[in-house]
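J.: compute the structure for the input listed below.
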Amino acid sequence: MNVIPIETLDDERLAFFTHLTDVALRRSLEPESGLYIAESSKVIERALSAGHVPRAVITTDKWLPGLDTVLAGHDVDVFLGDESVLEQITGFHLHRGALASMERPQLKSVAETIADARLVVVLDNIIDHTNVGAIFRSVAGLGADAVLITPDCADPLYRRSVRVSMGTVLQVPWTRVPVWPAGITELRKAGFTVVALALSDDAISLREFASNAPDKVAVVFGSEGHGLDTRTIGLCDAVVRIPMGHGVDSLNVAAASAVTLYALSDAMGR
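T.: This next block holds a predicted model:
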């Protein structure tokens, strides 16, 4: 790695790290630039382990020694500044050690992503990056094999998603479904029983479904607030709900994913 002291905030090489708190700007800038932000040494390490290529890193003196091992063998510029300078660049206090701009990997096709999978999660138009990151962490920790996201779903490689997932979005196979809900047909052809998690009148309990779970299952989780579109529900093979008490109708989608994946992973012997 090549350590470079930050001498001016106008250095063009720092441009991608500026205004990281501006959500609207980053949503368009990161994909168009073919880059994403990895935050913290652990997440950077997971990105590198996944074969992603670092473009540049910013950090402070305190965290530089730990990056020696993480970035060993990578010819990448590491910009060094004190905490106040980095806060001026990014717009927030950098308390996780380092930020790296990473090249986005090319996404695989749906067929390639689910080829060896038995338990797949579909995120249908989930727009909160925190929820997306939390779901990926549940997927990694509870034994699902892959994630598919619909065209309007939030970007799993957005900085907050990556951070909340603890870098697991860099480990779990995932891709975007080009057309949805027509993509359900491809899942069926691949042998998956497609299940909607929804509050429909004909929904069966998660415990009942898990007790006789098919060999291959794809679970579709809907957007915050509105849930799944009626067209999507109509195309699924079954509708499942998590029984609730005390007048509560449902859980937050991230919590619901954790409960659902635990039940199905256990029932399917994952």
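J.: who touches stretch 200-214?
T.: Taking Cβ atoms under 8 Å, 6 or more residues apart in numbering as the criterion, the residues outside stretch 200-214 that touch it are 193, 195, 233, 238-243, 259-260, 263-264, 266-268. Backbone N, C-alpha and C define where each C-beta goes, glycine included.
J.: max pairwise distance over those residues: which two?
T.: Greatest spacing in the contacts of stretch 200-214, by Cβ to Cβ: Ile233 and Asp266 (25.2 Å).
J.: and those two? which has more neighbours close in?
T.: Ile233 (20 against 13; other Cβ atoms under 10 Å).
J.: tell me the SS of that one?
T.: helix (DSSP: H, G, I helix; E, B strand; the rest coil).
J.: repeat that for Asp155.
T.: Assignment for Asp155 (three-state DSSP): coil.
J.: can you get me a residue count around it?
T.: Considering only other Cβ under 10 Å, Asp155 is surrounded by 20 other residues.
J.: what sits against the closest residue to Ala254 other than its chain neighbours?
T.: Using Cβ to Cβ, 6 or more residues apart in numbering and skipping residues adjacent in sequence, the residue nearest Ala254 is Ala134, 3.7 Å away. Contact partners of Ala134, counting by Cβ under 8 Å, 6+ apart, are 164-165, 254, 257-258.
J.: so which of those belong to strands?
T.: Using DSSP state E, no member of the contacts of Ala134 sits in strands.
J.: if we can go back for a sec, any of the contacts of stretch 200-214 buried? List them.
T.: 193, 195, 233, 239-242, 260, 263-264, 267-268 (16 or more other Cβ atoms under 10 Å).
J.: list the buried ones in stretch 4-20?
T.: 4, 6, 14, 16-17, 20.
J.: dump the C-alpha coordinates for that stretch into PDB.
T.: Extracted as PDB, the C-alpha positions of stretch 4-20 are listed here (Å, rounded to 0.1, in the frame of the first residue of the first chain):
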ATOM      1  CA  ILE A   4      -0.100   9.500   1.200                       C
ATOM      2  CA  PRO A   5      -0.600  12.300   3.800                       C
ATOM      3  CA  ILE A   6      -3.700  14.500   3.000                       C
ATOM      4  CA  GLU A   7      -2.300  18.000   2.300                       C
ATOM      5  CA  THR A   8      -5.400  19.500   0.800                       C
ATOM      6  CA  LEU A   9      -9.100  18.700   0.700                       C
ATOM      7  CA  ASP A  10      -9.200  19.600  -3.000                       C
ATOM      8  CA  ASP A  11      -7.200  16.600  -4.000                       C
ATOM      9  CA  GLU A  12      -9.100  15.000  -6.800                       C
ATOM     10  CA  ARG A  13      -8.200  11.500  -5.600                       C
ATOM     11  CA  LEU A  14     -10.400  12.100  -2.500                       C
ATOM     12  CA  ALA A  15     -13.400  13.100  -4.500                       C
ATOM     13  CA  PHE A  16     -15.300   9.800  -4.100                       C
ATOM     14  CA  PHE A  17     -15.100  10.100  -0.300                       C
ATOM     15  CA  THR A  18     -16.800  13.500  -0.100                       C
ATOM     16  CA  HIS A  19     -20.400  14.000   1.000                       C
ATOM     17  CA  LEU A  20     -21.000  10.400   2.100                       C
END
